[in-house]
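[1] how would this look folded up:
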Amino acid sequence: LIGGIDYDTSVFNRAIQARRQPGSSFKPFVYLAALEAGISPWDERDDEPVDINGYQPTNFGNNQYGTLTLADALAHSVNTITVNLGQEVGIDKVIGAARRLGITSPLTPTPSLALGTSEVTPLELTGAYAAFADGGYRVTPYFVTEVDQADGKPLYRRQAPAPQRVIELQAERDMLAMMWNVIATGTGGGASLAPREAAGKTGTTQNSQDAWFVGFT
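    As a prediction, this is how the structure comes out:
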């Protein structure tokens with residue numbers, strides 16, 4: 001956990017205090033909600049123009065992708081398909097998925113939420129992704145394991161919470177495959193550790209003013 005370059009220069013801890021738009025790194029929650037609604041990673045959707053009450057998102061670089069599987073839509077971070085998918089499954093379901101995995105910041109229930117317009121902290125987003133890495137079980141970040149007195153007697157010992165499954169097993173397996181595909185064939189290629197398997201998702205906002213990669217092995 002690194003909160004900044006120099007504490008003397010700035011005491012602001014960017015890991016736990018900075019709230020930034022996650023951009024496309026929020027998209028896994030949209031696709032998780034879709035999987036939980038019974039949609040398959042291999043189901044296809046069309047990259048087509050979006051207009052939701054005047055909200056007209058486009059793809060990065062105005063790229064056009066035609067018809068893609070959802071797995072490839074996530075791998076290539078296709079905005080149009082993701083926004084339409086959020087509307088198809090319901091933004092409330094997307095918010096529910098994010099909350100279950102540990103996102104606690106306010107999430108505005110608008111179509112643009114699918115593209116990560118509501119701000120979160122790096123610790124929050126990392127903790128939520130940890131559920132994907134942990135076989136679908138909730139992971140709660142913590143900092144202190146034990147506090148002892150000078151004589152060695154414990155004042156505090158952390159008690160680990162009971163395991164809580166927050167992603168159904170099949171959806172978890174599908175999400176792992178899709179997030180592996182992001183690195184193997186999509187926007188996360190720069191994070192490749194081949195031949196070691198890794199999974200994750202990229203995210204950028206405001207001409208890369210915010211640039212994210214969240215992933216795991």
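[2] could you measure residue 191 against residue 44, distance?
    With distances taken as Cβ to Cβ, to the nearest Å, residue 191 is found 26 Å from residue 44. For glycine as for every other residue, the C-beta is placed from the backbone atoms N, C-alpha and C.
[3] now do residue 28
    Distance, residue 28 to residue 44, by Cβ to Cβ: 19 Å.
[4] Who has more neighbours out of those two?
    residue 28 (26 against 13; other Cβ atoms under 10 Å).
[5] Provide the backbone phi and psi angles at residue 135.
    With angles defined as degrees, to the nearest 10, residue 135 sits at phi 70, psi 20.
[6] And for it, the neighbour number?
    Number of residues near residue 135 (other Cβ under 10 Å) recorded here: 13.
[7] Then residue 21?
    Neighbour count for residue 21, taken as other Cβ under 10 Å: 20.
[8] can you check residue 50 too?
    18.
[9] Now do the contacts for it.
    The contact partners of residue 50, by Cβ atoms under 8 Å, 6 or more residues apart in numbering, come to 56, 57, 79, 80, 83, 84.
[10] name the element residue 17 belongs to?
    Per DSSP states H and E: residue 17 is located in neither a helix nor a strand.
[11] which ones are touching the residue nearest to it when sequence neighbours are not counted?
    Nearest non-adjacent residue to residue 17, counting by Cβ to Cβ, 6 or more residues apart in numbering: residue 121, 6.9 Å away. Residues in contact with residue 121, defined by Cβ under 8 Å, 6+ apart, are 15, 16, 17, 18, 19, 20, 105.
[12] cool, and residue 12?
    3, 4, 18.
[13] now swap in residue 170 and tell me
    Contact analysis of residue 170 by Cβ under 8 Å, 6+ apart lists residue 35.
[14] so which strand or helix has it?
    Per DSSP H and E: residue 170 is located in helix 169-185.
[15] how about the strands in this structure?
    Secondary structure of the chain by DSSP state E: the strands cover 44-46, 67-69, 146-148, 154-157, 199-205, 210-216.
[16] partners of the second one, with directions?
    Read that as strand 67-69. Note on strand 67-69: by DSSP bridges, its sheet partners are strand 44-46 (antiparallel).
[17] hmm, back to that, quick one: buried ones out of the contacts of residue 121?
    With neighbours counted using 16 or more other Cβ atoms under 10 Å, the contacts of residue 121 contain these buried positions: 18, 20.
[18] Which one of the contacts of residue 121 is nearest to residue 184?
    Of all the contacts of residue 121, residue 184 sits closest to residue 20, with 26.9 Å by Cβ to Cβ.
[19] so the closest one sits right up against residue 119, yeah?
    Yes - Residue 20 is in contact with residue 119 according to Cβ atoms under 8 Å; the separation is 5.8 Å.
[20] Nothing else from me, thank you.
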